[in-house]
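K.L.:
Quick one: sequence and predicted model below, then my questions.
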Amino acid sequence: MSARLASLLGVLLLAACAPYGGGGPPDGRWQIREIGAMTVPEGVDAHIEFLPDGRLAGRAGCNRYTGNWARQGHEMRFGRIAATRMACAGPAMDVENRLFEMMDKVVRQDRPDARTLIMVTGDGRRIVATR
């Protein structure tokens, strides 16, 4: 193996092993596990999918939603969210109400590892999502 190829492989290996710490954009689909002090109950589908060009889509527990988002470094903001308007009973509606209330207040993101996304509000509450 040439010295140049070995050096390139070493750089790629270091990049692959580097901690995320807020690193790349949170592209793709993330399952929401916690919203503030609330754990999303088993069987309630709450997820967010970050799409190309600053768009997002998902399910908030009861209804589907769409909107936009922007990120610069660790900072993150959600724009106006539009959702369908079905009524659901019980925990699905509780999850949805809490999620929309907190998404409006998100100011930054943390990526402690490749499979975890933490969206943090200005007052320190967290939405935790995993792959």
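P.N.:
That came in fine, so what should we check first?

K.L.:
Near residue 76, how many other residues are there?
P.N.:
20 (other CB atoms under 10 Å). C-beta here means a position set from N, CA and C on the backbone, and glycine is covered the same way.

K.L.:
swap in residue 94?
P.N.:
Residue 94 has 18 neighbours, counted by other CB under 10 Å.

K.L.:
so which strand or helix has it?
P.N.:
In the assignment (DSSP states H and E), residue 94 maps to helix 91-103.

K.L.:
can you give me the helices in this protein?
P.N.:
3-17, 91-103 (DSSP state H).

K.L.:
so residue 69 makes contact with residue 52?
P.N.:
No - if you go by CB atoms under 8 Å, residue 69 and residue 52 don't touch, sitting 11.6 Å apart.

K.L.:
So these two - more neighbours on which side?
P.N.:
Using other CB under 10 Å as the criterion, residue 69 and residue 52 rank with residue 69 on top: 21 against 6.

K.L.:
what's the helix holding residue 94 packed up against?
P.N.:
strand 28-35, strand 38-39, strand 46-51, strand 55-60, strand 116-121, strand 126-130 (3 or more CB pairs under 8 Å, 6 or more residues apart in numbering; DSSP states H and E).

K.L.:
Identify all contacting residues around that helix.
P.N.:
32, 35-36, 38, 40-41, 44, 46, 60-63, 65, 78, 81, 83, 87-88, 119, 121, 125, 127 (CB atoms under 8 Å, 6 or more residues apart in numbering).
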